[in-house]
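# Starting from these lines, generate the structure:
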Amino acid sequence: MSVHVIVLAAGQGKRMMSDLPKVAHLVAGRTLIGWVLEAVRPLQPASTVVVIGHGADRVRSVLPQDVVVAVQEEQLGTGDGTQVGLDAIPSFDPADTVVVLYGDMPLLTSGLIADLADLSSDAAARIVTAEFSDPSGYGRVVRDVEGQVVGIVEDGDCTTEQLLIAEINAGVYAFRAGALAESLQDVSNDNVQGEYYLTDVVGILVGKGDRLEVVKTSAQEVIGINSQDQLSEARKTLQQRTNQRLMESGVWMLDPDRTYVDDTVHVEPGARIYPGVYLEGSTSVAADARIGPDVFAVDSSIGRGSTVWYSVLRSAEVGEDCEVGPYASLRPGSVLEDGAKAGTFVETKNATLGEGAKASHLAYLGDVTVGARSNIGAGTITCNYDGHEKHSTEIGEDVFIGSATMLVAPVKIGDNAVTGAGSVITEDVSEGALAVERSEQIEIPGYADRREARKTATESKD
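Numbers count the residues shown, from 1 in each chain. Alright, predicted model coming up:
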């Protein structure tokens with residue numbers, strides 16, 4: 001027997017107050033539906049179908065390639081959406097298991113889904129329930145006097161007595177495929193919303209005498225996200241899980257509550273993370289690296305033993321034993337090879353600093369390669385843009401660039417060359433040469449006295 005998964009993700013999510021479809025909202029590094037699909041992955045289902053509707057193209061764009069996408073043209077309810085998903089499964093046996101989930105439940109765990117899918121051979125369905133202190137808005141689980149589930153009633157259709165039930169239906173199910181397909185044909189839209197409810201399948205199965213199983217879990221795990229504040233609360237829980245996992249693996253964190261690491265980020269054991277750190281996207285941090293305080297890094301790599309603090313990295317590569325910051329900005333295309341330094345108020349873009357090269361402070365390095373062990377003096381700028389095009393600068397190995405040097409690209413500085421402080425270099429510099437470009441210094445004796453005299457004369461006229 002095989003397991004198939006249907007994820008319902010066709011809703012608009014009006015309470016999000018956003019043009020972005022609800023399930024496409026990002027939280028802790030993944031979209032809402034991305035978290036659900038990640039929790040499903042260890043189950044290794046024979047097929048995974050995502051049913052989309054509102055904002056179909058935008059939702060489709062955030063889905064992985066290995067899922068089947070089905071479009072619910074009209075949002076006629078969860079029963080209709082499940083039928084659309086069932087129709088999209090390439091093939092299934094009536095004895096197979098079909099797991100049905102919602103795409104806006106990022107706190108679902110792989111453990112719960114695996115438990116749900118472990119449907120007994122004599123059961124027609126397994127449902128997940130939870131006790132809520134405030135069950136408003138959720139379907140209530142109705143049991144008979146013996147405690148057996150006999151139905152699920154949506155919030156809008158509940159009687160006064162049923163509204164007092166605290167046990168809610170989480171909207172997470174496992175069905176025997178044949179029983180689901182047959183029961184969906186009997187679902188009616190005779191209700192307040194005029195929709196086809198998947199929950200009605202439970203009552204239909206009970207009415208046929210089929211056996212149902214129940215998995216009870218915590219309220220937290222099955223919360224659906226319907227608003228921005230709920231999205232924020234989910235982020236806290238997901239971040240706690242990620243940080244806990246990292247610390248259990250050997251990552252040191254001074255203050256996990258002030259450390260923000262996407263689930264997609266890779267951090268090796270032995271790395272040290274200080275407060276105010278945001279690691280996003282495909283960022284990786286090697287062992288013995290020190291990150292923070294106050295670092296934002298997205299899609300960047302930081303090598304073993306490197307220190308990055310009070311800085312911003314975007315699509316940058318930092319090698320081993322490097323130093324970045326404080327207050328450095330490494331823009332896309334920046335590469336620091338082993339032992340290199342981009343120090344205080346240094347900005348780089350499409351720049352490679354060779355092994356041991358240093359720009360310790362106050363420099364802009366754009367569209368440049370800097371050779372090994374070269375030193376870039378304070379106030380140096382690569383003048384790479386002429387108003388129309390970007391041009392490159394090449395700096396050789398063991399070069400000393402004097403403070404406040406303007407390197408007007410395109411220009412090449414040979415190995416072991418030196419530029420004098422305050423120079424504007426517009427021509428290539430030969431290997432081992434000193435290049436100095438300065439106007440002759442002029443001194444005007446007595447200038448201060450004459451300036452004061454002019455000032456006094458002007459004031460007396462006033």
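# contacts and neighbour counts: CA atoms only from here.
Will do.
# Do you know the pLDDT at the residue positioned nearest the centre of the chain?
When CA atoms, centre = their mean is applied to the chain, the residue found nearest the centroid is Gly29 (2.1 Å). Looking at Gly29, its pLDDT reads 94.
# now it, nearest residue through space, not along the chain?
Nearest non-adjacent residue to Gly29, counting by CA to CA, 6 or more residues apart in numbering: Asp262, 4.4 Å away.
# what's the neighbour count on the one you found?
Asp262 has 21 neighbouring residues, counting by other CA atoms under 10 Å.
# related to what we said a few turns ago, what's near enough to touch the residue nearest to the centre of the chain?
By CA atoms under 8 Å, 6 or more residues apart in numbering, Gly29 lies in contact with Val261, Asp262, Asp263, Thr264, Glu280, Gly281.
# Please tell me how far Val50 sits from Ala174.
In this view, Val50 and Ala174 are 16 Å apart by CA to CA, to the nearest Å.
# And the lengthiest helix in the chain, what's buried?
Assignment by DSSP state H gives helix 228-249 as the longest helix of the chain. Within helix 228-249, the residues that count as buried by 16 or more other CA atoms under 10 Å are Leu231, Ala234, Arg235, Leu238, Gln239, Gln240, Thr242, Asn243, Leu246, Met247.
# then it to CSV, C-alphas only?
The C-alpha trace of helix 228-249 is given here as CSV (Å, rounded to 0.1, in the frame of the first residue of the first chain):
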residue,chain,number,x,y,z
GLN,A,228,-0.1,38.8,10.3
ASP,A,229,0.0,38.6,14.1
GLN,A,230,-0.5,34.8,13.9
LEU,A,231,2.3,34.7,11.3
SER,A,232,4.6,36.5,13.8
GLU,A,233,3.7,34.1,16.6
ALA,A,234,4.4,31.1,14.3
ARG,A,235,7.8,32.6,13.5
LYS,A,236,8.7,32.6,17.2
THR,A,237,7.9,28.9,17.6
LEU,A,238,9.7,28.0,14.4
GLN,A,239,12.8,30.0,15.4
GLN,A,240,12.9,28.4,18.8
ARG,A,241,12.8,25.0,17.1
THR,A,242,15.6,25.9,14.7
ASN,A,243,17.8,27.5,17.4
GLN,A,244,17.2,24.5,19.7
ARG,A,245,18.3,22.1,17.0
LEU,A,246,21.4,24.1,16.3
MET,A,247,22.4,24.3,19.9
GLU,A,248,21.9,20.6,20.4
SER,A,249,24.3,20.1,17.5
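# Stretch 42-52: how far from the chain's middle?
On the basis of CA atoms, centre = their mean, to the nearest Å, stretch 42-52 sits 22 Å off its chain's mean C-alpha point.
# Mind listing what's buried along it?
Residues of stretch 42-52 classed as buried: Leu43, Pro45, Ser47, Thr48, Val49, Val50, Val51, Ile52 (neighbour count, 16+ other CA under 10 Å).
# What helix or strand is the nearest residue to the first one once chain neighbours are set aside located in?
By that I understand Leu43. Nearest-residue entry for Leu43: Ala114, 6.2 Å, with adjacent residues in sequence omitted and distances by CA to CA, 6+ apart. Using DSSP states H and E, Ala114 falls within helix 110-117.
# How about Val5?
strand 3-9.
# domain parsing for this structure?
For the chain, the structural domains run 3-222, 228-435, going by automatic domain parsing.
# Now distance to Pro445 too, for those domains, in JSON lines please.
Listed next are the domains of the chain as JSON lines, based on distance: least, CA to CA, whole Å:
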{"stretch": "domain 3-222", "distance to Pro445": "66"}
{"stretch": "domain 228-435", "distance to Pro445": "24"}
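# Of the ones you listed, which is nearest Asp449?
domain 228-435 (28.9 Å; CA to CA).
# in the stretch 351-462 of the chain, which spans are helices?
447-461 (DSSP state H, counting those that start in this stretch).
# in it, what spans have low per-residue confidence?
462 (pLDDT under 70).
# all strands of it, in order?
358-370, 375-376, 381-383, 393-395, 400-401, 406-408, 411-413, 418-419, 424-425, 434-435 (DSSP state E, counting those that start in this stretch).
# Please identify the most buried of those strands.
Comparing the strands of the stretch 351-462 of the chain by mean neighbour count (mean count of other CA atoms under 10 Å), strand 375-376 ranks first with a mean of 26.
# Each with direction, which strands does it pair with?
Strand pairing for strand 375-376, using DSSP bridges, gives strand 358-370 (parallel), strand 400-401 (parallel).
# quick check, distance from that strand to the centre of its chain.
For strand 375-376, the distance to the chain centre is 35 Å (CA atoms, centre = their mean).
# In a markdown table: the buried residues of helix 228-249, plus pLDDT.
Converted to a markdown table, the buried residues of helix 228-249 look like this (pLDDT from 0 to 100):
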| residue | pLDDT |
| --- | --- |
| Leu231 | 95 |
| Ala234 | 95 |
| Arg235 | 96 |
| Leu238 | 97 |
| Gln239 | 97 |
| Gln240 | 97 |
| Thr242 | 97 |
| Asn243 | 98 |
| Leu246 | 98 |
| Met247 | 98 |
